[in-house]
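[1] starting from these lines, generate the structure:
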Amino acid sequence: MDFDTITKTDLDLLEVYLRGSISAGSPLYRDVIDAMNYSLLSGGKRVRALFCMEVCRALGGTVEAALPFAAAVEMVHAYSLIHDDLPCMDDDDLRRGKPSNHKVFGEANALLAGDGLLTHAFYTLATSDTGARQGLLAVKLLAEAAGCHGMIGGQVIDLGWENRDTPAEVLEQMHRLKTGALIAVAAQLGAVAAGHTGDEELEILGDFARKVGLAFQIVDDILDATGDEQKLGKPIGSDAQQGKTTFITLYGLERSQEAVRQLTSDAIEKLYQVVAPESGKYLASLCWRLTDREN
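    Down below sits the predicted model:
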């Protein structure tokens, strides 16, 4: 199958899984369920899920085995976007071309919806059909990636350096945590789903995906400065308005684009340390396509 066919097949399977993952529950708290599904089912590139599913396949597992892991990562990602858009964080009114969660359901319900998605991610891992050892390892890895030494830590750095000149090493650390940690754990969970639980292999895959994550964030910075608001589905120029240092403000457009190319090339080299080039063909293509996107 070609790249687009594999992507569509994977995402169709994921969409069916996600739609059945959160039960309706009582009408008394239906608002928060609706808010959770509003963000979880709003589409997007599903990059993290694709890395999870295709790493699993490349290591000899099945896409179906990776579905609970991929879904859990997407739930954590959706939660983070809900909270990022809140007035106390980035204060964004649009997400993927639609009103942000708190603009539809109110700030309190948006906050609770994010909390609900985060906790449901771990419920999804805990109730998957994987073995107990794999399930426990998956919970540990995702908790680390989403917690204070991962994504939350990156957000704290981001907030703390608003309207200040951020040193390059701080900016890179922020993005490795805020964006890279969840992409890294997605790849690692794909390996776990395939039964690969060795520390060295997981570390190599994490390093591969962290490089991809940093390249992904630099592209985001480029798009925020030069992109099309309609194609992005959210306002552009928000980084500049909030006084944030970006790779563009530090290095300029040309050097930022070169960094994206180098990080992507290095990431694929790292991937091929644990995945045969033929098996990793889709993942390599995905990495390059992420560097050449408009949203």
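[2] I figured Glu54 was touching Ser285, is that so?
    No. Glu54 lies out of contact with Ser285 (CB atoms under 8 Å); the separation is 9.9 Å. No exception for glycine: its C-beta is placed from N, CA and C like everyone else's.
[3] which of these two has more residues huddled nearby?
    Neighbour count, other CB atoms under 10 Å: between Glu54 and Ser285, Glu54 has more, with 27 against 16.
[4] name the helix or strand for that one, please.
    Per DSSP states H and E, Glu54 falls inside helix 47-58.
[5] any idea of the angle whichever helix or strand comes after that helix forms with helix 47-58?
    Tracing the chain past helix 47-58, the next element assigned as helix or strand by DSSP H and E is helix 63-85. Interaxial angle, helix 63-85 versus helix 47-58 (axes from the mean of the first three to the mean of the last three CA atoms, to 10 degrees): 160 degrees.
[6] only C-alpha atoms, please: export helix 63-85 in CSV.
    What follows is helix 63-85, C-alpha atoms only, in CSV (Å, rounded to 0.1, in the frame of the first residue of the first chain):
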residue,chain,number,x,y,z
VAL,A,63,-1.9,-1.9,14.1
GLU,A,64,-4.9,-3.3,16.0
ALA,A,65,-2.7,-4.2,18.9
ALA,A,66,-1.5,-0.6,19.0
LEU,A,67,-4.9,1.0,19.0
PRO,A,68,-5.4,1.4,22.8
PHE,A,69,-1.9,2.9,23.1
ALA,A,70,-2.4,5.3,20.2
ALA,A,71,-5.8,6.3,21.6
ALA,A,72,-4.4,7.0,25.0
VAL,A,73,-1.7,9.3,23.5
GLU,A,74,-4.4,11.1,21.5
MET,A,75,-6.5,11.6,24.7
VAL,A,76,-3.5,13.2,26.4
HIS,A,77,-2.8,15.4,23.4
ALA,A,78,-6.4,16.5,23.3
TYR,A,79,-6.4,17.3,27.0
SER,A,80,-3.3,19.4,26.6
LEU,A,81,-4.8,21.4,23.7
ILE,A,82,-7.9,22.2,25.7
HIS,A,83,-5.9,23.5,28.6
ASP,A,84,-3.4,25.3,26.3
ASP,A,85,-6.3,27.3,24.8
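[7] good, wrapping up.
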